[in-house]
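Peer 1: Would you be able to build a 3D model of this:
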Amino acid sequence: MTIRATIMTALLFASALTSANGLLPLDDSAMADVTGREGIGLNMEFLINTDIAGDGSIVHHNCPAFSASAPNGTPDCRIALRFNDRDDSWLVLKDYHGVLRFNKAQLDASRTDSSPSGYCDADCSARFGAGFDPNNRLSFQLTYDHAGVTGNTAYYGDFDLYLNLKMAAEFGATGYLHDNTTGTALGFRAADGPNAINGAAQMRFDGAMKMYGY
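Peer 2: Below is the predicted model of the structure:
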């Protein structure tokens with residue numbers, strides 16, 4: 001089994017309050033006046049038994065065989081489940097491979113709306129106690145980079161998902177290594193995009209998610 005994860009972050013911070021004398025502590029009011037494009041940019045790629053070709057198609061890695069352990073050269077890329085009181089019965093996930101990729105996610109500072117916005121209704125206020133006000137509050141904001149993407153542009157590059165697996169029942173003390181069941185009890189594949197069933201499904205996320213404390 002091959003699992004590869006790549007995470008790249010870039011931290012950009014610009015402030016008119018930074019001087020040659022070094023960094024200065026900032027209170028909430030000063031932080032609100034910070035200008036520039038401060039925040040964290042995040043690209044994450046998680047690959048399981050696969051790679052992505054230049055055209056976006058999925059390149060599946062053929063798993064090596066355990067020929068010494070299994071009589072028919074069973075591939076070792078599998079997950080097996082054995083249930084209580086079923087010692088010789090296995091539910092085996094075979095031929096699983098996939099891609100999970102986030103592109104250009106951005107985390108930066110923001111404020112909630114300064115006017116009543118529905119961030120906290122009456123039930124919410126009752127849980128947080130008297131005097132809680134969710135408006136004009138400092139928050140973390142998660143968005144996606146859609147710079148240059150107009151409202152009419154068909155853009156789906158925020159998130160890529162591809163997943164393939166097969167499930168079958170195998171039997172015996174070492175049934176998790178066997179490949180005697182040629183049929184599949186359940187098969188699953190998540191795919192889409194220009195490469196159809198051989199490419200990752202592509203998604204777009206609009207709007208923003210904000211998280212704030214109290």
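
Peer 1: Mean pLDDT per helix and strand in the protein: which one sits at the bottom?
Peer 2: strand 3-12 (a mean of 54; mean pLDDT, DSSP states H and E).

Peer 1: what's the burial count for residue 53?
Peer 2: A count of neighbours around residue 53, defined by other C-beta atoms under 10 Å, yields 11. Glycine gets a C-beta too; all of them are placed from N, C-alpha and C.

Peer 1: That one: what's it in contact with?
Peer 2: residue 59 (C-beta atoms under 8 Å, 6 or more residues apart in numbering).

Peer 1: neighbouring strands for the top strand by length along the chain, and are they parallel or not?
Peer 2: In the chain, taking DSSP state E as the definition, the longest strand is strand 89-111. Paired strands of strand 89-111, with direction, are strand 39-48 (antiparallel), strand 78-81 (antiparallel), strand 138-144 (antiparallel), strand 159-171 (antiparallel) (DSSP bridges).

Peer 1: Return the residues in contact with the residue lying closest to residue 82 once chain neighbours are set aside.
Peer 2: Closest residue to residue 82 apart from its sequence neighbours, by C-beta to C-beta, 6 or more residues apart in numbering: residue 90 at 5.4 Å. Neighbouring residues of residue 90 by C-beta under 8 Å, 6+ apart: 80-82, 169-171, 175-176.

Peer 1: now the closest residue to residue 39 other than its chain neighbours, which residues is it bridged with?
Peer 2: Leaving aside its chain neighbours, residue 39 sits nearest to residue 108 (2.8 Å; criterion: C-beta to C-beta, 6+ apart). Taking DSSP bridges as the rule, residue 108 bridges to residue 141.

Peer 1: How many neighbouring residues does residue 108 have?
Peer 2: Using other C-beta under 10 Å, residue 108 is surrounded by 16 other residues.

Peer 1: Surely it touches residue 141?
Peer 2: Yes. Assessed by C-beta atoms under 8 Å, residue 108 is found in contact with residue 141 at 5.7 Å.

Peer 1: what residue ranges in this protein score low on pLDDT?
Peer 2: Applying pLDDT under 70 to the chain picks out residues 1-23, 31-38, 64-76, 115-119, 151, 214.

Peer 1: any idea which helix is longest in it?
Peer 2: helix 122-128 (DSSP state H).

Peer 1: Just the CA atoms of that helix, as PDB, please.
Peer 2: Only the C-alpha atoms of helix 122-128 are listed here, as PDB (Å, rounded to 0.1, in the frame of the first residue of the first chain):
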ATOM      1  CA  ALA A 122     -32.600  33.600  20.600                       C
ATOM      2  CA  ASP A 123     -31.800  30.000  21.300                       C
ATOM      3  CA  CYS A 124     -28.100  30.600  20.600                       C
ATOM      4  CA  SER A 125     -28.000  33.600  22.900                       C
ATOM      5  CA  ALA A 126     -29.700  31.600  25.700                       C
ATOM      6  CA  ARG A 127     -26.900  29.000  25.500                       C
ATOM      7  CA  PHE A 128     -24.100  31.600  25.600                       C
END
